[in-house]
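S.K.: Need coordinates for the below:
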Amino acid sequence: MPDTSPADLNDVTRRLVEQLRNHPKRVVFTEGEDIRVIKAAARFVALEAVSPILLGDSQRIKALAAEHNIPMNFIRVINPKTSSDLPLFMKRAENMARYRDNPQLANKETITRPHHFGAMMVQYGHADAIVGGNQAIPAYYFRALMQNIKPDANVARIFGVTMLVAPHFPLLGDRPLFLADTGLIPQPDVTQLSTIAIETGKLALHFLGRTPQIALLSHSTKGTSSTPEAHKVAAATALAQSRAKEELLDLNIDGELQADVAMCPVAAETKLPDAVSRQSADVLVFPNLDAAHISLKLLQHLAGAQNYGQIILGLSRPAAQVPRTASVETIFGTTAAVAVEAIKYHQLHPDSDF
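M.R.: Now for the predicted structure:
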């Protein structure tokens, strides 16, 4: 049986679940034939926080649940190949294929693949958010999202944000730490880095409910190194600060900063003697994908941080990707986070079918 009490949650997921209990959302899981997904879905049902939709073979999913004594009450299962929505999705895919001059998009075999079918469910209002990747190569999942969900006009290229929770870290306590980009852009340029900072800052603002502290990381702090890489981060910081000011965004952006300066007030006072007392960063923007991914894995596996995500930004609908090694807790927390993002979307677009 799944954990059914909010007391079993950490401080971060408890706050997310409390929001979802007031505004439950429909989340589609593209790879439903996975006991980890079934356990996470049953836990959400027990908490009355999310309405789960599992894609896959109904008999296989029910047999897997029965084998592990997991109740399937209020968990919807859809087989894309036999779904009543398939003719509607085929028609919409045909229109999309003509618009994009890509006949492959209207191929029935493509549309019935769970990643594509789930993405269309979210795009056309049949679900509020999508979670996938637990049994797939990331590139396949991302391709399905980009082909079927409209892009966010404000973001030129999609990227991923991972939320870390580590209550035993003195500098974090009961708050999350947001890392970006942890999965998609290998070498972001100045404009992309500034966009990552802005959009991740907006995400953190929504979750934290206060002005987030955003640090663009480098091996250099405020010009201590004159390498092209350090200059790139400094330029991205200036651009992000300018955009935040122009758009009246409640974000506190700083860079280029070494990681200890961003996270440790004592290090900041030592290396920035003229700086006022500063709070540890809420958002860490990495200069490239290598730095972000390596840092994430080290924090997760050596320091014991719990990771949720990645939440995919740059799409017009809430989406998240979990790794194939994801635990039930990772799937659960990632789903809670992206479902809360769906609450924000509904508030911003009250007249949509979403």
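
S.K.: Assumed residue 27 was part of a strand.
M.R.: Yes: assigned with DSSP: H, G, I helix; E, B strand; the rest coil, residue 27 falls within a strand.

S.K.: Where does the record place the domain boundaries for this protein?
M.R.: 6-150+315-348, 159-301 (automatic domain parsing).

S.K.: how about the strands in the chain?
M.R.: 25-29, 50-55, 76-78, 129-132, 159-165, 177-180, 213-217, 252-257, 283-285, 306-313, 319-321 (DSSP state E).

S.K.: Make JSON lines out of the ones you listed and add mean neighbour count and distance to residue 123.
M.R.: Every residue, glycine included, has its C-beta placed from N, CA and C. Shown next, in JSON lines, are the strands of the chain (neighbours: other Cβ atoms under 10 Å; distance: least, Cβ to Cβ, whole Å):
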{"stretch": "strand 25-29", "mean neighbour count": "25", "distance to residue 123": "11"}
{"stretch": "strand 50-55", "mean neighbour count": "24", "distance to residue 123": "14"}
{"stretch": "strand 76-78", "mean neighbour count": "20", "distance to residue 123": "15"}
{"stretch": "strand 129-132", "mean neighbour count": "28", "distance to residue 123": "9"}
{"stretch": "strand 159-165", "mean neighbour count": "25", "distance to residue 123": "19"}
{"stretch": "strand 177-180", "mean neighbour count": "26", "distance to residue 123": "24"}
{"stretch": "strand 213-217", "mean neighbour count": "26", "distance to residue 123": "30"}
{"stretch": "strand 252-257", "mean neighbour count": "24", "distance to residue 123": "32"}
{"stretch": "strand 283-285", "mean neighbour count": "29", "distance to residue 123": "28"}
{"stretch": "strand 306-313", "mean neighbour count": "26", "distance to residue 123": "13"}
{"stretch": "strand 319-321", "mean neighbour count": "27", "distance to residue 123": "10"}
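
S.K.: These: which one's closest to residue 223?
M.R.: strand 252-257 (8.0 Å; Cβ to Cβ).

S.K.: where does the stretch 51-200 of the chain dip in pLDDT?
M.R.: Low-confidence segments of the stretch 51-200 of the chain, defined by pLDDT under 70: 99-106.

S.K.: As TSV, the domains of the chain with distance to residue 309 would be great.
M.R.: Formatted as TSV, these follow (distance: least, Cβ to Cβ, whole Å):
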stretch	distance to residue 309
domain 6-150+315-348	5
domain 159-301	4
